[in-house]
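Enquirer: My questions are about this predicted structure, shown below with the sequence.
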Amino acid sequence: MDTDGSNQTRLTSDPAEDEYPSWSPDGARIAFTSSREDRYQEIYVMNADGSGQARITNHPESDRDPSWSPDGTRIAFETVR
């Protein structure tokens with residue numbers, strides 16, 4: 001969306017809750033938490049336009065609240081492991 005809140009664009013359409021978005025330092029990717037695929041929360045990444053969505057964690061306990069490293073090569077997250 002624009003800085004004034006206009007031109008909002010939906011980036012995800014899965015019926016699960018997609019939350020805790022975190023922009024990569026270069027603004028090209030977004031990491032986020034979702035409970036898709038009837039799972040507990042997992043970490044996903046996607047391109048800034050919503051394309052290329054992929055799950056990057058796979059654990060029976062919740063993983064959430066991703067945060068990119070300053071150089072954009074790693075993602076830290078909260079877990080209940």
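Expert: That came in fine, so what should we check first? Numbers count the residues shown, from 1 in each chain.
Enquirer: Pretty sure R29 sits against G50.
Expert: No: counting by C-beta atoms under 8 Å, G50 is not a contact partner of R29; they are 10.9 Å apart. The C-beta positions use only the backbone N, C-alpha and C, and glycine is treated the same way.
Enquirer: In terms of neighbours, single out the busier of those two.
Expert: R29 (17 against 13; other C-beta atoms under 10 Å).
Enquirer: I'd like to know how far that one sits from V45.
Expert: 6 Å (C-beta to C-beta, to the nearest Å).
Enquirer: What pLDDT is listed against the most centrally placed residue in the chain?
Expert: Centrality entry for the chain: nearest residue to the mean C-alpha point is F32, 1.5 Å, by C-alpha atoms, centre = their mean. The model reports F32 with a pLDDT of 97.
Enquirer: Remind me which helix or strand it belongs to.
Expert: strand 29-34 (DSSP states H and E).
Enquirer: What pairs with that strand, parallel or antiparallel?
Expert: Strand pairing for strand 29-34, determined by DSSP bridges: strand 18-23 (antiparallel), strand 42-47 (antiparallel).
Enquirer: Of these, which stretch is the most buried?
Expert: strand 42-47 (a mean of 20; mean count of other C-beta atoms under 10 Å).
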